[in-house]
Structures are given as C-alpha cells and as structure tokens.
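Enquirer: Can you look at this prediction? I've put the sequence above it.
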Amino acid sequence: MNDLETLVSLNASEKVGCILLRRFLDRFASLPGVASASESSLAEVEGCGAAAAAAIRKTLADNRGARELEEAARHGVRIVPHDAPE
C-alpha cells in the first residue's frame, strides 16, 4: 500500500477525522508507520480506543484506499494530497 492509498483508506474510515489523523502521524511519524501500527498501538492514541482501532485496521487491511482511487480514476477524478508537489 502506498502513501496515497493509506491516506485515502484512513480518510474513508468513519473513525478518523483530521485531529485523529494528526495524532496518528505525530505518534507513528509517517503514513507507512500508521499503516503498519498494530491495533493495540492505534488504540493507545488519544481519541481512538479499541473499537475505532479495530475498524481502522480493517479499513487498512481491506486496502479501501486503492478501491477508492480506482473508482475515482474510472470517473476521471485524480486525488491529490494537499502537500503534493504538483
């Protein structure tokens, strides 16, 4: 899973908003760090908890971001993160 797929997966989760995403990045230092974090490690982050961590791990394991990006591409939409150099 690449960084964009991870970011889209996290954003697709109903459990992750901008504050929790920032807390994950602060704790795990990068999107790959968040993607590889265990369910228990995610649950330790303030605002997450066990149920949310389980849902987030499922979303990441299902690679929902890749499916969302494929669907966007089928409709001619390109998703670009705010920090992309383009």
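Expert: Nice, thanks for sending it over.
Enquirer: next structured bit after the helix or strand containing Ala52?
Expert: Here Ala52 sits within helix 50-61, counting by DSSP states H and E. Per DSSP H and E, helix 50-61 leads on to helix 64-74 as the next helix or strand towards the C-terminus.
Enquirer: Could you list the alpha-carbon positions for that following helix in CSV?
Expert: C-alpha atoms of helix 64-74 as CSV (Å, rounded to 0.1, in the frame of the first residue of the first chain):
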residue,chain,number,x,y,z
ARG,A,64,-10.1,0.5,0.8
GLY,A,65,-7.9,3.4,-0.4
ALA,A,66,-6.9,1.5,-3.5
ARG,A,67,-10.5,0.8,-4.3
GLU,A,68,-11.5,4.4,-3.8
LEU,A,69,-8.7,5.6,-6.0
GLU,A,70,-9.7,3.1,-8.8
GLU,A,71,-13.3,4.3,-8.6
ALA,A,72,-12.2,7.9,-8.7
ALA,A,73,-10.0,7.2,-11.8
ARG,A,74,-12.9,5.5,-13.5
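Enquirer: Other residues contacting that helix?
Expert: Helix 64-74 is contacted by residues 1, 4-10, 12-13, 78-79 when judged by Cβ atoms under 8 Å, 6 or more residues apart in numbering. Every residue, glycine included, has its C-beta placed from N, CA and C.
Enquirer: Report the central residue of the chain.
Expert: Leu10 (2.2 Å; Cα atoms, centre = their mean).
Enquirer: how far away is that residue from Glu70?
Expert: Distance, Leu10 to Glu70, using Cβ to Cβ, to the nearest Å: 17 Å.
Enquirer: Next: Leu21.
Expert: Distance, Leu21 to Glu70, using Cβ to Cβ: 22 Å.
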